[in-house]
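Student: got a sequence here, can you build the structure:
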Amino acid sequence: MTCVIVNDASCLIDLRKGGLLEALCRLPYGLVIPLPVRASEVLHFSSQEWLYLDSHGMTTHDLTPAEVAQAFTLRNHHRALSPNDCFCLVTALANRGILLTGDAQLRKVAIQKGLRVHGVLWVIDELAAADACPTSRLIAALKRWQSDNTVFLPRQEIAKRLGSL
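Tutor: Down below sits the predicted model:
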């Protein structure tokens, strides 16, 4: 069984900014996005971008009524999480997958629930290890993130990867 990565909006946005959405699809993981996150206004993806992701293995998880109820129960217990955070968490639990998120509160709760959690810098590491993307493209993504004030990644971790690629 292929390990699944459940993607939250912030990571997909950062991967898009870094020009790495296509490369993400080359990794040996199943890619999942909860339907409410996909439909979110935060993700301004074009029809072509969704078509590419869909045709390269990303699946959209339509939460069951029980999963929606579970998400709202989580939201009641963890007020710092958004509804979409809770949908991602429930989807990761349902798929026994890796949660890809940049949100510190979501990361904390997911780890408490026993999930593996990573962020986009881990994706850089995975792309480099799998030789799934040219090094020059990884460097370009890191530099874009480094200079983008709307990308909230640890600058020292970006610098570390720039020094090692």
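Student: return the distance of the host helix or strand of Val68 from the chain's centre.
Tutor: Using DSSP states H and E, Val68 maps to helix 65-77. Between the centre of helix 65-77 and the centre of its chain there are 20 Å (CA atoms, centre = their mean, to the nearest Å).
Student: stretch 134-148 now?
Tutor: The answer for stretch 134-148 is 17 Å, by CA atoms, centre = their mean.
Student: now do the same contact list for Thr150.
Tutor: If a contact means CB atoms under 8 Å, 6 or more residues apart in numbering, then Thr150 has no contacts. C-beta coordinates here come from the backbone N, C-alpha and C atoms, glycine included.
Student: roughly how far apart are it and Trp50?
Tutor: Thr150 is 22 Å from Trp50, where distance means CB to CB, to the nearest Å.
Student: again, but for His118
Tutor: The spacing between His118 and Trp50, counted by CB to CB, is 23 Å.
Student: what does Tyr29 give?
Tutor: If you go by CB to CB, the gap between Tyr29 and Trp50 works out to 18 Å.
Student: kindly report the same for Arg16.
Tutor: On the measure of CB to CB, Arg16 and Trp50 end up 11 Å apart.
Student: try Gln156
Tutor: For Gln156 relative to Trp50 (CB to CB), the value is 34 Å.
Student: equivalent analysis for His44, please.
Tutor: 11 Å.
Student: of those two, who's got more company?
Tutor: Neighbours were counted for His44 and for Trp50 using other CB atoms under 10 Å; Trp50 has more, 15 against 9.
Student: list the contacts of the helix or strand harbouring the more buried one.
Tutor: Trp50 belongs to helix 47-55 when assigned by DSSP H and E. Outside helix 47-55, the residues within contact range by CB under 8 Å, 6+ apart are Arg16, Leu21, Glu22, Cys25, Leu31, Arg38, Phe45, Thr60.
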